[in-house]
Structure formats: C-alpha cells, structure tokens
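> Give me a 3D structure for the following:
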Amino acid sequence: MRQVIVYPGEDGYWIAECPSLPGCLSQGETKERAIVNIKEAIEGYLAALKEDGLPIPEERFETIVVAI
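Here you go, the predicted structure:
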C-alpha cells in the first residue's frame, strides 16, 4: 500500500505522484484516470526494482492538512 498525492496540473490534467518512490508519477485527463495510471506506474516501478535486485523503499510518507 502506498500513499499518493493527486492534484490538478497547469495544463488541465491531473498529476498523481507517490512520494515514497522517488520519481514515480503519472497524470490523466481526469482524477480517476490519474489514479489508475499511478497504480500502473507503482507496479512498474516496484517490478523494475525487483528485477534489478534493488530494495523496495518502505512507505514512510505522512500527510497532514494545515489550516491557514
């Protein structure tokens, strides 16, 4: 299980990124599509690490909401 951040990009697409996997991000025309795409990106990222014999980073990311 991985935490994912989803936010609107400047071009109208939605951006999704997984902070615990550096460089693992994706996008989609809708928020739902971005989520589907990031799931695929995470699976590919983890498969590549395993194939290369590299360790899988632990999920260490924590989110909070700060009211201003």
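
> Would you agree Arg33 is in contact with Trp14?
Yes - if you go by CB atoms under 8 Å, Arg33 and Trp14 touch, sitting 7.3 Å apart. Quick note: C-beta positions are derived from backbone N, CA and C, even for glycine.

> Which of the two has more residues huddled nearby?
Taking neighbours as other CB atoms under 10 Å, Arg33 and Trp14 compare with Trp14 leading, 20 against 15.

> Leaving out chain neighbours, which residue sits closest to the more buried one?
Using CB to CB, 6 or more residues apart in numbering and skipping the chain neighbours, the partner closest in space to Trp14 is Ala34 (3.9 Å).

> Over to Tyr13?
Counting by CB to CB, 6+ apart, the residue nearest Tyr13 is Gln27, at 4.6 Å.

> correct me, but Ile56 touches Lys50?
Yes - with contacts counted by CB under 8 Å, Ile56 reaches Lys50, the gap being 7.3 Å.

> Spell out, range by range, the helices that occur in the protein.
31-51 (DSSP state H).

> Run through the bridge partners of Gly28.
Trp14 (DSSP bridges).

> contacting residues for it?
By CB atoms under 8 Å, 6 or more residues apart in numbering, the contact list for Gly28 reads Tyr13, Trp14, Ala16, Ala34, Ile35, Val36, Asn37.

> do that again at 7 Å, thanks
Residues in contact with Gly28 (CB atoms under 7 Å, 6 or more residues apart in numbering) are Tyr13, Trp14, Ala34, Val36, Asn37.

> Over to Gly53?
With contact set as CB under 7 Å, 6+ apart, Gly53 has no partners.

> burial measure for the residue nearest to Tyr13, as a count.
Gln27: 17 neighbours (other CB under 10 Å).

> Might one say that it is in contact with Arg33?
No - look at Gln27 against Arg33 with CB atoms under 7 Å: they stay out of range, at 8.4 Å.

> Please check the contacts of Gly28 and keep the buried ones.
The neighbour-count test (16 or more other CB atoms under 10 Å) applied to the contacts of Gly28 identifies Tyr13, Trp14, Ala34, Asn37 as buried.
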